[in-house]
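Enquirer: From the sequence below, what's the structure:
(2 chains)
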Amino acid sequence: MIYFDNSATTLAAPQVLQTYQQVSQDFFGNPSSLHNLGDRAAGLLRQSRQQIAELIHAKPDEIYFTSGGTEGDNWVIKGTALAKRQFGKHLITTAVEHPAVKNSMAQLEQLGYQVTYLPVDEKGQIDPADLQAAIRPDTILVSIMAVNNEIGSIQPLAAAAKILRQYPKIHFHVDAVQSIGKGLLSLLRLPRIDFLTFSAHKFHGPRGTGFIYAKRGRQLAPLLTGGGQERNWRSGTENLPAIAGMAKALRLLLTDEQTKVKQQQAVKDKVYHHVAQAPKVTLFSQDNSDFAPHILCFGIAGVRGETIVHAFENHGIYISTTSACSSRSGDISGTLAAMKIADDVATSAIRISLDENNTLAEAQAFNAAFDKIYARFQLINS
Amino acid sequence: MTYTEIMVRYGELSTKGKNRRRFIGRLQGNVTKALRRFSNLEIRAHRDRLHVILNGEDSQAVMHRLQQIFGIQNFSPSVRVERDMTQVRKMAVKMIKAQYQPGQTFKINTRRSDHHFEMDTNEINADLGGVVLDQIPGIKVQVHHPDITLRVEVRLDGIYLSSETIQGAGGLPVGSAGRGMLMLSGGIDSPVSGYLALKRGVDIQMVHFYSPPYTSAKALAKAKALTAKLAVYGGSIQFIEVPFAHIQEEIKNKVPEGYLMTVQRRLMLRLTDEIRQQRHGLAIFNGESLGQVASQTLESMAAINDVTTTPVLRPVVSLDKNEIIKIAQRINTFDLSILPFEDCCTIFAPPKPKTKPNLMRTRHYEDLIDVAGLMKEALAGIKVTEIKPDDQFLTQDQSEINQLL
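Expert: Purely as a prediction, here's the structure:
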């Protein structure tokens, strides 16, 4: 089996599962309990938080555990809208965000907030000048993803941060779900960025857990109120096995990060340069530094992405049509539509997404399978 | 740079006349204790300096520990070379190069304790200065305010070079000022008081009142963990735990509510004083800061202090809470101090304590309980532990957690 669908989800690392199981059994106390079992759990929770904070060069009190990327995005966006509603009701985001951002914004629009969606160019990137032009006195949040989940383009966060330095009151949120472990940490930790969203299962951690980074001093209204966990910001008994597993997964991910990034880039390049030679292929991703090292999106003219996905599946290779979240519904990719790619071209899009375990031999096998599939559909795509 | 020794300069104690030898001896003992885990070190104390010979130990780790020892003004990591000018010249250039930034100035500062060496001080200065000027283009000599000072010391066993001076903790060697008892609660103030007492050379021993079942084992562990934080400065600290629950129950039972706190504090001070006497201490330290809480008004202090003529010293008496917190954060006790465990002072705290207790009434109410009998019982239940800097309390088995994470 060749698994090239790591942006959809990743295989949990064996060490992570071991931690998960051991914590479930040996640290089952509620971290809020006063007794010794609670203490042990609270200690592990504290150290997990500390380890995650150190790994992303933040402080422990800037890390809040969530149920994953969708909650993180929902929380920062709606939490900002609630906390800052007396200052304004205008939010800015891009046209290519993950549905967790896009639909949170849509929900706020129904409640009377106004949202500006920044357009993107043929690389799927926003123009910082558009951001500058969109900012109003009542703007309370700017939310821009770091790496697009469908084509892998990296948004110009440094330029956005520079603009937002003149507007210190606006919350600046970055959806970092696709970008952690991809050699982009210094971009994510730009001083102007106030909030970051992460999801554990995208980096070999357990499902149903994630965290946000929230800069000290920034206010967010809680969406989940209750027992006052996470310093009263996010109630609910902590999912300690998953949190400890995530802390471990993050440590493993960021060990030798540069080597792993190079490896993924090499695999991506190998596939990229192979499929680029086929005349009927349209590449939506590029092989330069505007794009993340692990995502490659392209299409074969005239053949629906879904057909190609199943064709690869017959070769034991797992890929997806653009984003896994929307692929079942058969919708056209939001990112490609925003890039003004014609519908009939966009429906051909497939995405391969890598992790550090993918090899050049797998790229070779992919390329061989690609040649067969390409030849098979020669008749209908001519 | 691989250093061969660290040259330690004494602090204030250089000016202490006849006590000097005692001070140096004490400092040597403290340094030895603090550096115990580096087994290859040799520590030699002389009249004006102390030399820590590294014998291959990690100089950074050793210097980190030295920075926490009171009685040290500053220290310089040094390299020893043979008494051969070719080697000295090579090392001098190497050391200055390691630090040199374009535009900086330097100076060579030579001392000879061996006056039979072939060159005299000025000759060495001029010789090395010339070599450095030749080999590092752009560097200039500046004898009054140089950016880099290379110290060269000619001794019988070799020539020592150093170019860096690192500030020490100052103060006086712990123990050189005698022994005192610190009343350690577990709050923010008393550890800071302890730190300040240590800084002036007091060998402090912790007196901690605990009241099971009203206070938990965690509260006791917290006090011990705080002690471990302070043990860094003196090598180790005696921790004396005094059972206090029965006394508190008796007081609660017999003394009017407004005076509960005052009488409790008097008993604590009486007990501490008794322990001080048994252990040959000269003073009592506590974390009282004027006007913070009911027990810390001048009236309260007077009513409590009434039980003894022993000096009761209050190093943080005139500091604001914020100033105390700042020190607590610097000495790493703050995060422990704010852990929310019930301690003996909070559990029997009356809702409305007298802020201006009347001394006569206080004495009268204290007479309602059997002071002598209760004290005897408490003193019989004392437990003493020696706490070292690396002792772990309140923490779990770290190896298990490390393996999980």
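Enquirer: What does the residue in the stretch 51-200 of chain A that chain B sits nearest to show for phi and psi?
Expert: Residue nearest to chain B within the stretch 51-200 of chain A: residue A:51 (5.4 Å; CB to the nearest CB). Bear in mind the C-beta positions are built from the backbone N, C-alpha and C, glycine included. Torsion angles at residue A:51 (phi, psi; degrees, to the nearest 10) stand at phi -60, psi -40.
Enquirer: For stretch A:178-195, give the mean pLDDT please.
Expert: Stretch A:178-195 shows an average pLDDT of 96 in the prediction.
Enquirer: buried residues in that stretch?
Expert: Within stretch A:178-195, the residues scored as buried using 16 or more other CB atoms under 10 Å in any protein chain shown are A:178-185, A:187-188, A:190, A:192-195.
Enquirer: Please apply the same query to stretch B:307-321.
Expert: Of the residues in stretch B:307-321, those buried (16+ other CB under 10 Å) are B:307, B:308, B:310, B:312, B:313, B:314, B:315, B:316, B:317, B:319.
Enquirer: same check, this time on stretch B:94-102
Expert: For stretch B:94-102, by 16+ other CB under 10 Å, it's B:95, B:96, B:100.
Enquirer: And the strands in the stretch 101-250 of chain A?
Expert: In the stretch 101-250 of chain A, the strands defined using DSSP state E, counting those that start in this stretch lie at A:114-118, A:139-145, A:171-175, A:195-199, A:210-214.
Enquirer: TSV for those strands, including distance to residue B:88?
Expert: Converted to TSV, these look like this (distance: least, CB to CB, whole Å):
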stretch	distance to residue B:88
strand A:114-118	66
strand A:139-145	60
strand A:171-175	56
strand A:195-199	55
strand A:210-214	53
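Enquirer: what's near enough to touch residue A:63?
Expert: A:49, A:52, A:53, A:211, A:212, A:213 (CB atoms under 8 Å, 6 or more residues apart in numbering or on different chains).
Enquirer: Is it correct that residue B:250 is in contact with residue B:371?
Expert: No. Checked against CB atoms under 8 Å, the pair residue B:250 and residue B:371 is beyond contact range at 9.7 Å.
Enquirer: returning to what we had before: quick check: of the buried residues of stretch A:178-195, which lies closest to residue B:298?
Expert: Ranked by distance to residue B:298 (CB to CB), these are led by residue A:194 at 48.0 Å.
Enquirer: per-domain residue ranges of chain B.
Expert: Annotated domains of chain B cover B:5-167, B:179-403 [the TED database].
Enquirer: can you count the residues close to residue A:346?
Expert: By other CB atoms under 10 Å in any protein chain shown, 22 other residues sit near residue A:346.
Enquirer: For it, which non-adjacent residue is closest in space?
Expert: residue A:336 (4.0 Å; CB to CB, 6 or more residues apart in numbering or on different chains).
Enquirer: And the pLDDT at the closest residue to residue A:280 other than its chain neighbours?
Expert: Leaving aside its sequence neighbours, residue A:280 sits nearest to residue A:301 (CB to CB, 6+ apart; 4.4 Å). At residue A:301, the pLDDT value in this model is 90.
Enquirer: so residue A:301 touches residue A:347, yeah?
Expert: No. Checked against CB under 8 Å, the pair residue A:301 and residue A:347 is beyond contact range at 10.6 Å.
Enquirer: Noted, bye for now.
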